[in-house]
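Novice: pasting a predicted model and its sequence here:
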Amino acid sequence: MLFSRDKWMEKMGRLYLRLRLHHPEKINRELSIKYEGQYRNAGLTLLFDVFMAVAVVAAVALIAGVVYLLAA
């Protein structure tokens, strides 16, 4: 493997915070308060948020499909 999972999560967390907050002071404050000072935790939070969004879309699509089939 080229990158370990922790390194990948750290890079994703760093990119996520940089794109979202822009200023190093804000990034450091958010990192220390919300993510326990680790970019890896920010990357994991982003990953879980994406998975939850996909799961919600899949659940809504499944429910809509069931309702459509029952109403037809």
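Specialist: Right, received. Where do you want to start?

Novice: shaky segments in this protein?
Specialist: 1-3 (pLDDT under 70).

Novice: switch to 90 and redo it
Specialist: 1-6, 72 (pLDDT under 90).

Novice: buried residues of the helix ranked longest in it, list them for me.
Specialist: Using DSSP state H to define each element, the chain has its longest helix at helix 39-71. Using 16 or more other C-beta atoms under 10 Å as the test for burial, helix 39-71 gives 39-46. Every residue, glycine included, has its C-beta placed from N, CA and C.

Novice: now render those residues as TSV, adding distance to Ala53.
Specialist: Output for the buried residues of helix 39-71, formatted as TSV (distance: C-beta to C-beta, whole Å):
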residue	distance to Ala53
Tyr39	21
Arg40	21
Asn41	19
Ala42	17
Gly43	16
Leu44	15
Thr45	13
Leu46	11
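
Novice: which residue, other than its chain neighbours, is closest to Phe17?
Specialist: Let me fix one detail, which is that residue 17 is Leu and not Phe. Ile27 (4.9 Å; C-beta to C-beta, 6 or more residues apart in numbering).
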